[in-house]
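K.L.:
using only what follows, build the 3D model:
(one chain, ligands or ions: 2)
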Amino acid sequence: MPEDSKDKIELNRLKNQIKKLRIAKEKAEIKATLAHTGKMEALYTMAGGIAHDFNNILSAIFAYSQLAINHISDPERAKIDIRQIQKAGQKASDFTGQIMSFSRRTGYNKIAMPISNVVKEALELFSSTSPETIEIVDSIHSSALIMADPTSIHQLMLNLCTNAFHAMAKTRGVLTVVLTERAITTPPPMFATLQPGNYLELTVSDTGHGMDLQTMERIFEPYFTTKKTGQGTGFGLALVHSIVKDHGGEIFVKSEPDKGTRFHLFFPII
Ligand SMILES: Nc1ncnc2c1ncn2[C@@H]1O[C@H](COP(=O)(O)OP(=O)(O)OP(=O)(O)O)[C@@H](O)[C@H]1O
Ligand SMILES: [Mg+2]
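P.N.:
Ligands and ions are numbered 1, 2, ... in the order given. From the prediction side, this is the model:
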């Protein structure tokens, strides 16, 4: 082959390589921008939610303190107004407690334990208050040890079960809780981010109304809720997510509108 043809081929090869590198760089930049936009959106949702809830509480405090002043010559009536101010204060305090429990990164009391008992207890507590329209099926047998804070595991179970219950509130349905050991060598596509290792897998599934993709993408954001005001604050799954992460675990969700939802939680076995 003549020299200049060889040069041309080499030049084309280099051009293609540069093109590929440029495309890869652009892709990475777009991905980073999207991740940043998502985080900012989560932050706006949370800030908006906090401001909204505190505004409601402050309005109640302003209104009832004015009423208490108006009724000051009638102590019994003023007392009722002051009680309302106390109630609003209590609400604010519960609310900050909720935010703090979500944002706490330390303070867990982790011990090496099998979580089967905590999971069973939480499920029993839940089933004692759930309606007969919900059938509960469980298979909780593993006694593998993980480093866990029992209170947090309890909290996590109640949140997942409550969500399942809400999703099945309008229809009959089945809540299934499974605790099992899983050895992951090559993670299946659904759990692609899972590192190889031995895990305790907690699965909580329901046959409720499920979620569309848009909802699913936002469920772990603090303050994201599709429930009516007063029925949900949107903190449940954000808390579940932060507990799982603080336990060195991973959480995955599979859901389909009208079919149901399944949460998979993986905790590393010690
Ligand atoms: N099992 C489920 N089935 C269908 N949708 C769900 C399920 N779990 C969560 N979701 C969706 O995810 C949203 C966020 O859930 P999350 O638990 O964080 O908040 P919430 O239940 O709305 O309020 P909170 O838990 O603070 O009372 C819900 O509003 C709902 O749209
Ligand atoms: Mg919830």
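
K.L.:
so which bits of this structure are right by ligand 2?
P.N.:
Residues of the chain lying near ligand 2 by Cβ under 5 Å from the ion: 163, 236. Yep, even glycine has a C-beta here, placed from its N, CA and C like the rest.

K.L.:
show me the chain divided up by domain.
P.N.:
1-103, 111-268 (automatic domain parsing).

K.L.:
tell me the most buried of the ones you listed?
P.N.:
Of all the domains of the chain, domain 111-268 carries the top mean neighbour count, a mean of 17, counting by mean count of other Cβ atoms under 10 Å.

K.L.:
can you give me the offset of it from its chain's centre?
P.N.:
9 Å (Cα atoms, centre = their mean, to the nearest Å).

K.L.:
so for it, mean pLDDT?
P.N.:
What domain 111-268 shows for mean pLDDT is 92.

K.L.:
can you get me the start-to-end distance on it?
P.N.:
End-to-end distance of domain 111-268 (Cα to Cα, to the nearest Å): 13 Å.

K.L.:
about what we covered before: quick one: which of the domains of the chain is nearest ligand 1?
P.N.:
domain 111-268 (2.5 Å; Cβ to the nearest ligand atom).

K.L.:
which parts of this protein sit against ligand 1?
P.N.:
For the chain, the residues in contact with ligand 1 (Cβ under 6 Å from any ligand atom) are 159, 163-164, 167, 206, 208-211, 215, 219, 224-227, 232-238, 261.

K.L.:
let's see 8 Å
P.N.:
Contact residues (Cβ under 8 Å from any ligand atom) of the chain with ligand 1: 159-160, 162-164, 166-167, 204, 206, 208-211, 215, 218-222, 224-227, 231-240, 255, 260-261, 263.

K.L.:
what's the longest helix in the chain?
P.N.:
Looking across the chain with DSSP state H, the single longest helix is helix 3-70.

K.L.:
please work out the average pLDDT along the helix or strand that it is followed by.
P.N.:
Going down the chain from helix 3-70, the next helix or strand is helix 75-103, by DSSP states H and E. Taken as a whole, helix 75-103 has a mean pLDDT of 85.

K.L.:
can you show me the strands along the stretch 101-250 of the chain?
P.N.:
Along the stretch 101-250 of the chain, the segments classed as strands by DSSP state E, counting those that start in this stretch run 111-113, 134-140, 146-148, 173-184, 197-206, 250-256.

K.L.:
show me what the fifth one is in contact with.
P.N.:
It refers to strand 197-206. Contact with strand 197-206 is made by 115, 119, 142, 144, 146, 157, 160-161, 163-165, 167-168, 173-184, 249, 260-269, as judged by Cβ atoms under 8 Å, 6 or more residues apart in numbering.

K.L.:
from I111, how far out is whatever residue of the chain ends up closest to ligand 2?
P.N.:
Closest to ligand 2 within the chain is G236: 2.8 Å, counting by Cβ to the ion. Here the criterion is Cβ to Cβ, to the nearest Å. By it, G236 lies 25 Å from I111.
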